[in-house]
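Enquirer: below are the sequence and a predicted model for it; my questions follow.
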Amino acid sequence: MGALAPPVAADRADDLIGDLHDGDWQVRAEAAMALGEAGDERAVVPLIEALRDDVREVRLNAAWALGEIGDERATEPLAAALNDQVREVRCVVAIALGKIGDDRAVGPLKEALKEEDRDASEVSAEAQIKAEDPKLIEVENKTPDLQNSSGCPCVADLCDHCVVQLCFASTLVKLGRDEYIDRLTLALQGEDRFLRKEAVGALARIDDPRAVGPLLEALKDEEPWIRSEAAKALGEIGDERGVDPLIGALEDEDPWVRWATAKALGEIGDGRALLPLAVLASQDDDGGVREAAGRAIERIGFGYMEV
């Protein structure tokens with residue numbers, strides 16, 4: 001039966017490639033996403049063309065799809081898309097370049113990061129001027145989100161720039177430019193919780209043992225959703241140094257953290273977690289956590305049986 005699957009998938013890919021030219025942008029966006037999931041290399045050139053679509057959602061999905069397919073023909077077109085006017089697109093483009101892993105992306109990424117730094121500096125300077133304007137004191141007092149983060153005013157535009165910087169830096173690290181890892185670790189120490197979460201995601205993307213130490217620190221973050229993201233990232237990296245701290249996190253007060261931690265321990269597959277997971281599976285107050293712990297036990301057990 002498996003031998004019959006490729007022709008069916010090929011026919012579907014032909015239809016989806018045709019849908020990239022549909023007059024409805026939603027059809028184009030869905031087609032790009034589906035082509036990325038299919039992984040058909042015949043879609044590479046049509047998806048490259050979709051990087052110039054007028055609708056950002058189509059460009060986003062096309063960039064994501066090219067990263068999933070991983071064909072180096074997309075490197076230069078994606079590098080050119082690092083200059084896209086939409087920051088979300090630039091982020092997805094950078095992540096796609098990291099997945100492809102072509103060194104030709106390094107130069108464009110460095111230049112794009114410099115440009116992002118310049119733009120962020122301008123936004124920061126403008127925000128500082130506004131913050132010092134006496135006329136705005138009353139407004140600022142009513143807007144607690146305008147806090148200092150990593151030494152600069154955290155306004156929406158600046159936060160957006162910082163996220164893009166993290167995407168660019170994580171891809172550069174993934175492509176072997178180790179000097180950019182400080183960008184990721186420093187963001188974990190900032191006051192802005194949103195950027196700390198983004199930094200955790202960036203560290204997970206580099207899939208490097210050097211990310212383990214910073215992620216273990218993030219496992220102690222005051223925000224539960226950052227702790228849960230850190231646990232998830234540690235599971236994805238799979239380094240055994242994370243086992244004991246993750247076992248400790250099984251006692252976290254937040255059920256989402258316990259759920260993510262149990263899942264991460266299952267992915268790492270270390271037998272030291274079996275007994276703590278068994279306790280969680282039988283005693284935790286949350287049904288979802290108990291289920292996650294049970295699945296993790298099964299996964300670790302199967303791993304031991306294979307050995």
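Expert: Great, that's in hand.
Enquirer: residue 285: what secondary structure?
Expert: Recorded secondary structure, residue 285: coil (DSSP: H, G, I helix; E, B strand; the rest coil).
Enquirer: near it, how many other residues are there?
Expert: 8 (other CB atoms under 10 Å). In this view, the C-beta of every residue, glycine as well, is placed from N, C-alpha and C.
Enquirer: then the one 4 residues further on?
Expert: For residue 289, the number of neighbouring residues by other CB under 10 Å comes to 24.
Enquirer: for it, give its distance to residue 258.
Expert: Distance, residue 289 to residue 258, by CB to CB, to the nearest Å: 5 Å.
Enquirer: same thing with residue 222?
Expert: With CB to CB as the criterion, residue 222 and residue 258 are 17 Å apart.
Enquirer: next: residue 40.
Expert: Here residue 40 is placed at a distance of 40 Å from residue 258 (CB to CB).
Enquirer: ditto for residue 78
Expert: The spacing between residue 78 and residue 258, counted by CB to CB, is 38 Å.
Enquirer: and the two? which has more neighbours close in?
Expert: Remark: of residue 78 and residue 258, residue 258 carries more neighbours, 27 against 24, as counted by other CB under 10 Å.
Enquirer: residue ranges for the helices of the stretch 101-250 of the chain, please.
Expert: Along the stretch 101-250 of the chain, counting by DSSP state H, counting those that start in this stretch, helices occupy 106-131, 137-141, 156-174, 181-188, 193-206, 212-218, 224-237, 243-249.
Enquirer: and those, which one is worst for confidence?
Expert: Mean pLDDT across the helices of the stretch 101-250 of the chain is lowest at helix 137-141; the value there is a mean of 39.
Enquirer: residue 296 is nearest to which of the helices of the stretch 101-250 of the chain?
Expert: In terms of CB to CB, the element of the helices of the stretch 101-250 of the chain nearest to residue 296 is helix 224-237, at 9.5 Å.
Enquirer: show me what the closest one is packed against.
Expert: Other helices and strands packing on helix 224-237, by 3 or more CB pairs under 8 Å, 6 or more residues apart in numbering; DSSP states H and E, are helix 193-206, helix 212-218, helix 243-249, helix 255-268.
Enquirer: so which of the helices of the stretch 101-250 of the chain is nearest residue 25?
Expert: Ranking the helices of the stretch 101-250 of the chain by proximity to residue 25 (CB to CB) places helix 156-174 first, at 22.9 Å.
Enquirer: name the helices or strands packed onto the closest one?
Expert: For helix 156-174, the packing partners by 3+ CB pairs under 8 Å, 6+ apart come out as helix 87-100, helix 106-131, strand 148-149, helix 181-188, helix 193-206.
Enquirer: could these go into a markdown table alongside distance to residue 53?
Expert: A markdown table is the format used below for the helices and strands packed on helix 156-174 (distance: least, CB to CB, whole Å):
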| stretch | distance to residue 53 |
| --- | --- |
| helix 87-100 | 10 |
| helix 106-131 | 20 |
| strand 148-149 | 34 |
| helix 181-188 | 30 |
| helix 193-206 | 25 |
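Enquirer: would you turn these into TSV with distance to residue 212 and mean neighbour count?
Expert: Listed next are the helices and strands packed on helix 156-174 as TSV, based on distance: least, CB to CB, whole Å; neighbours: other CB atoms under 10 Å:
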stretch	distance to residue 212	mean neighbour count
helix 87-100	18	24
helix 106-131	24	16
strand 148-149	25	16
helix 181-188	12	19
helix 193-206	9	23
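Enquirer: residue 23 is nearest to which of the ones you listed?
Expert: helix 87-100 (21.4 Å).
Enquirer: which elements pack onto the closest one?
Expert: Using 3+ CB pairs under 8 Å, 6+ apart, helix 87-100 is in contact with helix 56-69, helix 75-80, helix 106-131, helix 156-174, helix 193-206.
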